[in-house]
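Visitor: need the 3D shape of this:
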Amino acid sequence: MKHFKSIISVLAVAFLVYIFTFYIDGEMGIILLAFVAFAPLVSLFITLYARNRIKVSFSCDAYVPKGSKLIVDVKVEKTGVFPVSIVEICPYATEIFAQDIKKRKLSMLNENKRRFRLEVDALVGGNGEIGIKAVYSCGFLGFMKFAVKTPLPQPVSVGVIPPIPEVKSSTQLFRSIADVVLTSDDDEENDTAMLFSANTSPGYEHREYEQGDPLKRINWKLSSKKQKLMVRLDEAAASVQPVLILDLYRNGAIPPVNAVRGEEQLIRSVFGLLDLLVKQGIACNFVYRTSTGETACESVDNPDYPNQLLLKILAIKVVPDKRIDLSHNTGSFCACVVATTDAGPGFSEVTRYIEEPDNTSIIGLSIASVNSTSFKMWYLDEDNNFKLV
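Guide: Prediction:
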């Protein structure tokens, strides 16, 4: 349609020049004809010349709260002595941002550098991308446009921070995890008591506290009975920590604009639970898929660390049709919660590596979520309570 309009414009100008030359003023018509023929050539020369002389760059924050505006600073530079008639810049943003970003056109006659700002609304929590998909050098007559030959700037990953809900400690999912952790502490206490009865030195599970030991490894029940601080060894400490697994799976057949809503809900749910557990003194292991596709496991025992971990998750781009790989992350745990966007038939790729299914639960998106497993599935309702599907 744009090319059609350009052709019509050119034909209209030619028709007017013809009428003026042959029916109104022949001498002036010849001058107009020369100008009409010469001006496009000048415009073409400047436009093609500018294709190798324009450089565009931009910068923005790495994170922005949901509901606010992301400020993008764009810089356009030119080299050479000839002016640049019109530069057209086409920015873009992925689905978590508003899609009403307009093209920007600017002229650079005497300036070698120009700047402008874009404001993009952050609508959905998650990882997104800001970039420039095309830059064009345009003629001043509006009849021609060519893509610049200089490299386009690399897109920038931006994390939109969703509000994390304050999950109530009365919620049944939290109480069930807390009960399992308490039972694991009791079991450790009994096992250690038998080891001490048979040996004069501590067994393989515990030893006395030494300066510098992490507080998360202290078994408070056993310490109160022994009248001295007792800490778990590495394997013992890990075995009584619940494991939270984040499976941000995106079905490639679902439009991304729909998928990001579910991903935001899952992030809010799992971090709401993680925040509650840590604030209640229950250290956790958090397992997630990194930007390289590997699986990472981090111990979370500091109430301030969930917010830092959230920023790590928001910096990771979701790859369609890729699930978290637990094949190398098997081990003992007291409870396991797998948060997933899709617990359908393909979810068995994740659950087959879980060795202790008795204390395993799933966090889904809503009451309508599909559950192809025998595990209990929970979802976070509007009152920030976890309820069974």
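Visitor: how about the helices in the chain?
Guide: Listed in chain order, the helices of the chain (DSSP state H) span 2-19, 26-50, 172-198, 220-226, 234-239, 256-279, 305-314, 348-351.
Visitor: ok, of these, where does mean pLDDT dip lowest?
Guide: In terms of average pLDDT, helix 234-239 trails the rest of the helices of the chain, at a mean of 46.
Visitor: return the residues in contact with residue 271.
Guide: 164, 306, 309, 310 (C-beta atoms under 8 Å, 6 or more residues apart in numbering). For the C-beta atoms, the positions are set from N, CA and C on the backbone; glycine is no exception.
Visitor: tell me which two in those residues are the farthest apart.
Guide: 164 and 309 (11.1 Å; C-beta to C-beta).
Visitor: residue 296: which of the contacts of residue 271 is nearest?
Guide: Of these, the one sitting nearest to residue 296 (C-beta to C-beta) turns out to be residue 309, at 10.2 Å.
Visitor: do you know how far the closest one is from residue 244?
Guide: 10 Å (C-beta to C-beta, to the nearest Å).
Visitor: quick check: neighbours shared by the two?
Guide: With C-beta under 8 Å, 6+ apart, residue 309 and residue 244 have common neighbours 274, 286.
Visitor: so what's residue 289 up against?
Guide: Per C-beta under 8 Å, 6+ apart, neighbours of residue 289: 246, 247, 248, 295, 296, 316, 322, 323, 324, 325.
Visitor: what's opposite the fifth one in the beta bridge?
Guide: Residue 296 has these beta-bridge partners by DSSP bridges: residue 288.
Visitor: now it: how far from residue 340?
Guide: Distance of residue 296 to residue 340, given as C-beta to C-beta: 17 Å.
Visitor: again, but for the third one
Guide: As defined by C-beta to C-beta, residue 248 lies at a distance of 8 Å from residue 340.
Visitor: cool, the last one as well?
Guide: Going from residue 325 to residue 340 by C-beta to C-beta gives 14 Å.
Visitor: next: the second one.
Guide: When distances are taken as C-beta to C-beta, residue 247 and residue 340 turn out to be 4 Å apart.
Visitor: need the residues touching each of these two.
Guide: In contact with both residue 247 and residue 340: 347, 350, using C-beta under 8 Å, 6+ apart.
Visitor: skipping adjacent residues, who's closest to residue 378 in space?
Guide: Counting by C-beta to C-beta, 6 or more residues apart in numbering, residue 386 is the residue found nearest to residue 378 once chain neighbours are left out, at 4.4 Å.
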